[in-house]
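model this:
(chains A and B)
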Amino acid sequence: MQTTFNITYEDGWYPVEHENGRPFRWSGPRARVRVTAAAPCRSVWLRLTCGVWGAAPSLPSLTVAVNGREAGSARVSEQPGYLTFPLGEGCDFDVELQLDRTFSAPGDVRVLGMMVKSLDAFDEDALDSSLELEGWYERETHEYFPFCWMGREASVLVPALARPGTRFLSLPIAAETGSGEQVLGIWRDGRLLAEIPLRRGWHLYDVDVPDEARPAAAGEPASARLVLRLNALCPPEAHPGDPRALGVRVGPIEAHHDPRRHAQVTSFYQAAQVEAVCAAAPQNGDEVCCGVPAVGDGWNGEERDERGVFRWTRREAVLLLPDHVRRRRRFCSLPLFSAFRNLAQQVTLSAAGHELVRLDLAKGWHTYSVALPEPGGDLEITLRVNVLTPASSHPGDPRELGIRVGAVTLHDDERRHEREVFLASNAVQNQREMQRGATVLESFPQTLGIDLYGRCNIKPSCVYCLWEPMKALEGEAVDETVDDRTLAGYGGLFQGARLLVNCSFGEPLLHPRLDRVLDLAASHGKVLELSTNGQAFTPRTVGLLAGRRVHLYVSLDAASRATYARLRNDRWDGVLAGLLCLRDARRAGGGWPRLNMVFMPMPVNLDDLEAYFRLCRMVEADALVLRPLLHLEHPGIVRERGGYRFDYERELMTPTALEPVFAACERYAARYEVNVVSQFDFGLAEASRFRPAATL
Amino acid sequence: MGKEEGVSATDLLGYPNEPLCREPWESYYILRRGILPCCYGSTPIAPMAEWKTAWNSPALQEIRRYLVRGELSPYCLSSLGCPVVQRFLEQRRRSPLGALDPRARSPLLRGMNRLLGGVPARLYRLLPLRKGLSR
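Below is the predicted model of the structure:
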């Protein structure tokens, strides 16, 4: 529990002023404060957030005396940063702050020393996180990790490091430079503990504190003070408009003693593995992606939806396929979106006055494959819709809207063409049968639920998981093998589905033939939807997923170690490191796999909601998915975990209780620029405050 | 969405022609625990091995038939994890007669239903009040 200190500003201070609503005060050349605590403390630290704001001609040096004895001195920085001094043992400290130079601002008759934004005292024994001492700029809290920028060198107090059994240091760090350009040295008691080549963006680093770096002799006080030194500052062009000398952003530094956590986090940062991840993004040399149509008449501007970038056509639009791009490829894959759910919209494609094909358009996004006319040469394809999207469906948007067109691909693969034709015609037939009210269907489902793997790596299972009853229900099929060969054996059910949704009670990334399953889905143009607990992310699985047309749903429901422990276990840091590695792999893989971060609002995790949005932004998630906790009547599930009693029935939230949660989600979605997808209105054809569940 | 010449955009786009829920047409789940018509299905309609025939099985046909009529089948009504079903039950709870529904989550009604062996809930299903989940 934190010790409460009473801090009194005594003589030598000017009155409080405000900047952007935050109070500060200037000191004169000498100022005093009194720091008192209710009970004596072994080791107290005083931290000033101070600077001279570029107003002083030269930077003053601050000397601090405590109860008449000098406690240290340091140079005051231009921009507000931390200066920390040891006050020592006791509960009553008379602190004198003395500056070696003063200045006066134009038009201000005061003799100014330094500007102090805050002054805080800390009891070292009561600290539950690291304490930045010197060399840091003010803490910022708008990202997932609360962080401080450090300059070239900074010191930090990590009290847990001095405790017996502690062996590892965990550091969240964000560098603005590329791999290894900045190297961070970590020093303790004059010894170098580690040198870390830093990677761009936020990453978790976990450092083994070697035995020889721990206190040698029994009885010797263990130092909890670390010095961090960078070989280079962040280039000024990486932070334009910010005059500070910035190194890297550093989040809360922690000490721990969990070798498994250390191994998990570290595994993601071995250079060779990371390169393998990036190299794993599959390439297809037979096709050429022309992107969304950029030239030709009849197109509205470029937009983006949950599927990606697209353009709306007007009633008629012209698609230009120059010969040097086409290179005699025979087929054109066109992702088209129709808002009509009754098959009333058609598009006719024609070239040189001849109709190539007339397509009935199923609702939503579908890929339609068109055989291009022989021979090659520059080609102008006119797309003309029979009916426009009703203006009343896009109020406030006066444009003439036909259909959406995504990135066009040219290829020469006849089997792919046949598969895409079959998929689209099945979708149309399926929709037609549904509209007709048919109960016996000739079409196949567009979504096929599959059960890839029946084992899970989280034991005991997540607190809300229905693991035991589901495994009992699986009965003799519990050990049934489901892999690429099984899926291919489903015949039309597999061929007709454009989306494969894994619904196993088990972790699909553990599947021994995951690579083959991914290959099969890719070779058949399927989108694979995998729900994962995130604990099976390894450099290997992330490498397998990179660049694949997979929609990942990562079930976390927590944005902190404590909440995660209440729902699952203590593997939070490994999950976080895996998500950051996945972020990099997705960048290399053209944004694939898509990343959906699932959050089931429950009383146990509501305090994490805002942090979850920050987390989604940090890992560059495509969407935050709000999913209801499965409604069960009299679930009778009560589990103690992570110091929390999880009572399933109590965690089920009523619509009324959810209303403020949705309102908060709307605010956070705007603040953190995170897309929110709601699965609360599953299956209902109605307007939603968030996007409906993703359409392909 | 607005209206165009007296016809709403949802009408023009074909929403009214859709069944109450599209899942049993568009989706099919072949799982170790059995075949499900949607991911919220409470109990399997067939064992996994019958994946080939269950797609047009009588059980799935019945589910579709109810949905085409704008109703929820007994199977759907027993799938309480489904948000569509929850929405329906919520509407029932808010309607004057819905208060009679023993599946409404009043502890008193639930207790009475349990004491009477679940008979009130079964009788309630026979009432013609279940129709018409508003969209």
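
only C-alpha atoms from now on, for both contacts and neighbour counts.
Fine.

show me the chain divided up by domain.
With no chain named, the answer covers chain A. A:1-126, A:129-257, A:288-412, A:495-678 (automatic domain parsing).

the chain in question should be chain B.
With automatic domain parsing as the criterion, the domains of chain B are listed as B:11-84, B:95-127.

in CSV, list those along with distance to A:Q2.
What follows is the domains of chain B, written out as CSV (distance: least, CA to CA, whole Å):
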stretch, distance to A:Q2
domain B:11-84, 44
domain B:95-127, 43
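
now the strands for chain B?
Ranges of strands within chain B are B:3-4, B:7-8, B:27-31, B:34-36, based on DSSP state E.

right, and those strands - which one's nearest chain A?
Chain A lies closest to strand B:27-31 among the strands of chain B, at 3.9 Å (CA to the nearest CA).

and the nearest residue to A:N67 once chain neighbours are set aside, how close does it get to A:L520?
Using CA to CA, 6 or more residues apart in numbering or on different chains and skipping residues adjacent in sequence, the residue nearest A:N67 is A:D94, 4.9 Å away. When CA to CA, to the nearest Å is applied, the distance between A:D94 and A:L520 equals 73 Å.

how about the most centrally placed residue in chain A, what does it touch?
To find the centre residue of chain A, average its C-alpha atoms and take the closest one (CA atoms, centre = their mean): that gives A:V619, at 2.0 Å. Taking CA atoms under 8 Å, 6 or more residues apart in numbering or on different chains, we find A:V619 in contact with A:579-580, A:583.

so which of the residues you listed is the most crowded?
When neighbours are counted as other CA atoms under 10 Å in any protein chain shown, the busiest of those turns out to be A:L579, with 27 neighbours.

that residue sits in which helix or strand?
Under DSSP states H and E, the secondary-structure element containing A:L579 is helix A:572-588.

any chance you could map the helices in the chain?
By default, I'm working from chain A. A:259-267, A:271-279, A:323-326, A:414-436, A:467-474, A:484-489, A:492-495, A:514-523, A:539-545, A:561-567, A:572-588, A:609-618, A:648-651, A:655-672 (DSSP state H).

that answer is for a different chain, and I need it for chain B
Assigned helices in chain B, in chain order: B:9-12, B:23-26, B:51-54, B:58-68, B:74-77, B:83-94, B:107-115, B:119-126 (criterion: DSSP H).

is any residue of the fifth one near chain A?
By that I understand helix B:74-77. No. With CA under 8 Å from any CA of the partner chain as the criterion, chain A is not reached by helix B:74-77; the gap is at least 12.3 Å.

same question for the fourth one.
Yes. In this structure, helix B:58-68 sits against chain A according to CA under 8 Å from any CA; the contacting residues are B:60-62, B:64-65, B:68.

name the residues of that helix that come out as buried.
Buried positions in helix B:58-68, judged by neighbour count with 16 or more other CA atoms under 10 Å in any protein chain shown: B:60-68.

what's the residue nearest to the centre of chain A sitting at in phi/psi?
Backbone geometry at A:V619, expressed as degrees, to the nearest 10, gives phi -90, psi 0.

what's the pLDDT at it?
A:V619 is assigned 97 on the pLDDT scale.

now stretch A:291-301: mean pLDDT?
If you average the pLDDT values across stretch A:291-301, you get 84.

repeat for stretch A:168-187
Per-residue scores along stretch A:168-187 average to 91.

between the domains of chain B, which one is closest to A:T36.
For those, the distance to A:T36 is smallest for domain B:95-127, at 54.6 Å, taking CA to CA.

low pLDDT regions in the stretch 151-300 of chain A?
Under the criterion of pLDDT under 70, the regions of the stretch 151-300 of chain A flagged as low confidence span A:211-222, A:270-285.

mind jotting down where the strands sit in it?
Under the criterion DSSP state E, counting those that start in this stretch, the stretch 151-300 of chain A contains strands at A:168-175, A:183-188, A:191-197, A:201-208, A:225-230, A:249-250, A:254-256, A:288-291, A:299-305.

would CSV of those strands with distance to A:P236 be doable?
Putting the strands of the stretch 151-300 of chain A into CSV (distance: least, CA to CA, whole Å) gives the following:
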stretch, distance to A:P236
strand A:168-175, 13
strand A:183-188, 17
strand A:191-197, 20
strand A:201-208, 16
strand A:225-230, 15
strand A:249-250, 14
strand A:254-256, 29
strand A:288-291, 35
strand A:299-305, 33
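
indicate which one of the ones you listed is closest to chain B.
Evaluated with CA to the nearest CA, these place strand A:299-305 nearest to chain B, the distance being 18.6 Å.

helices or strands up against the closest one?
Under the contact criterion of 3 or more CA pairs under 8 Å, 6 or more residues apart in numbering or on different chains; DSSP states H and E, the helices and strands touching strand A:299-305 comprise strand A:308-313.

give the other helices and strands that the strand it packs on contacts.
Of the remaining helices and strands, those touching strand A:308-313 by 3+ CA pairs under 8 Å, 6+ apart are strand A:299-305, strand A:404-405.

please identify the deepest-packed of those strands.
strand A:404-405 (a mean of 23; mean count of other CA atoms under 10 Å in any protein chain shown).

ok, B:T10 - how many residues close by?
By the other CA under 10 Å criterion, the neighbourhood of B:T10 contains 20 residues.
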